[in-house]
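Enquirer: Below are the sequence and a predicted model for it; my questions follow.
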Amino acid sequence: MKNNCGVFKYYGMSLAVIILDQIVKMLVHHYMVLGSSGQIKILGNFFKLHYLTNPGMAFGMELPFDHAKVILTLFRLIAMVAIGYYLFMMYKKPMSHGFLICMGLILGGAIGNLIDSVFYGYFLNNAPFDAPTPWFYGQVIDMFYIDIWEGRLPDWLPILGGDYMSLWPVFNIADAAIFISVFIILIWQKSFFIEEETSKKNPPFDLDQK
């Protein structure tokens with residue numbers, strides 16, 4: 001049986017993501033100008049620092065219905081608890097070290113954006129003007145801008161043909177931690193779960209068996 005104290009190194013990774021995420025957000029909030037006028041080019045027009053407040057989901061997406069923000073914030077709160085518990089349960093199994101690292105980073109990313117949603121509306125006064133309360137309506141601070149492509153789609157494409165589209169995600173440290181970790185889990189899922197599958201096929205020897 002594993003020593004349960006060992007799981008705290010993965011929770012420590014979550015804490016590291018949270019601290020780094022919040023430091024970067026505070027620096028952006030206090031030292032950058034909101035919007036295009038304060039934009040800083042890092043790699044020409046492809047990669048820029050761009051102070052943006054996001055009232056919705058990751059990468060600037062929003063939910064198109066009333067009270068979507070508070071629902072999203074409550075969902076993040078539930079997800080934070082669920083991911084933290086799941087990480088602990090997976091640690092008790094013979095899971096891959098890489099998988100547990102990814103789960104720790106996902107947990108940190110989830111908490112990082114949850115902090116913005118719960119507290120920033122009050123402490124940074126960045127809740128939408130029509131928010132019924134600043135609590136739980138804070139806007140997430142994004143700053144990493146990647147300008148992938150912008151233009152009109154070919155007419156021969158079904159449904160979206162002829163439409164003008166912009167592919168320029170704007171995200172933060174928390175978003176990046178979640179996205180990269182999920183991507184790694186999807187790509188290396190077979191190697192991550194092989195130890196658990198092996199354990200199920202070959203259970204430990206039971207001294208009570210006759």
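Expert: Structure's in. What do you need?

Enquirer: Going by C-alpha atoms from here, please, whenever you check contacts or count neighbours.
Expert: OK.

Enquirer: Before we go further, residue 142 is sitting in a helix, right?
Expert: No. With DSSP: H, G, I helix; E, B strand; the rest coil as the criterion, residue 142 is located in strand rather than a helix.

Enquirer: show me the residues around it that make contact.
Expert: Residue 142 sits next to 25, 50, 51, 52, 53, 54, 170, 171, 172 when contact means C-alpha atoms under 8 Å, 6 or more residues apart in numbering.

Enquirer: Mind jotting down where the helices sit in the chain?
Expert: Here the chain has its helices, by DSSP state H, at 8-31, 68-92, 97-115, 121-123, 173-187, 189-201.

Enquirer: most tightly surrounded among those helices?
Expert: helix 97-115 (a mean of 24; mean count of other C-alpha atoms under 10 Å).

Enquirer: what mean pLDDT would you report for it?
Expert: Here helix 97-115 scores 96 as its mean pLDDT.

Enquirer: Keeping just the C-alphas, turn that helix into PDB.
Expert: Below are the C-alpha coordinates for helix 97-115, written out as PDB (Å, rounded to 0.1, in the frame of the first residue of the first chain):
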ATOM      1  CA  HIS A  97       3.600   8.900 -12.500                       C
ATOM      2  CA  GLY A  98       3.100  10.900 -15.700                       C
ATOM      3  CA  PHE A  99      -0.700  10.500 -15.500                       C
ATOM      4  CA  LEU A 100      -0.700  11.700 -11.900                       C
ATOM      5  CA  ILE A 101       1.400  14.700 -12.900                       C
ATOM      6  CA  CYS A 102      -1.100  15.600 -15.600                       C
ATOM      7  CA  MET A 103      -4.000  15.300 -13.100                       C
ATOM      8  CA  GLY A 104      -2.100  17.600 -10.700                       C
ATOM      9  CA  LEU A 105      -1.600  20.200 -13.400                       C
ATOM     10  CA  ILE A 106      -5.300  20.000 -14.500                       C
ATOM     11  CA  LEU A 107      -6.300  20.500 -10.900                       C
ATOM     12  CA  GLY A 108      -4.100  23.500 -10.600                       C
ATOM     13  CA  GLY A 109      -5.500  25.000 -13.800                       C
ATOM     14  CA  ALA A 110      -9.100  24.500 -12.700                       C
ATOM     15  CA  ILE A 111      -8.400  26.200  -9.400                       C
ATOM     16  CA  GLY A 112      -6.500  29.000 -11.100                       C
ATOM     17  CA  ASN A 113      -9.400  30.000 -13.200                       C
ATOM     18  CA  LEU A 114     -11.900  29.400 -10.400                       C
ATOM     19  CA  ILE A 115     -10.100  32.000  -8.300                       C
END
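
Enquirer: How far off centre is it?
Expert: Distance of helix 97-115 from the chain centroid (C-alpha atoms, centre = their mean, to the nearest Å) equals 8 Å.

Enquirer: So what touches that helix?
Expert: 10-18, 21-22, 73, 76-77, 79-80, 83-84, 87, 90-91, 140, 173-178, 181-182, 184-185, 192.
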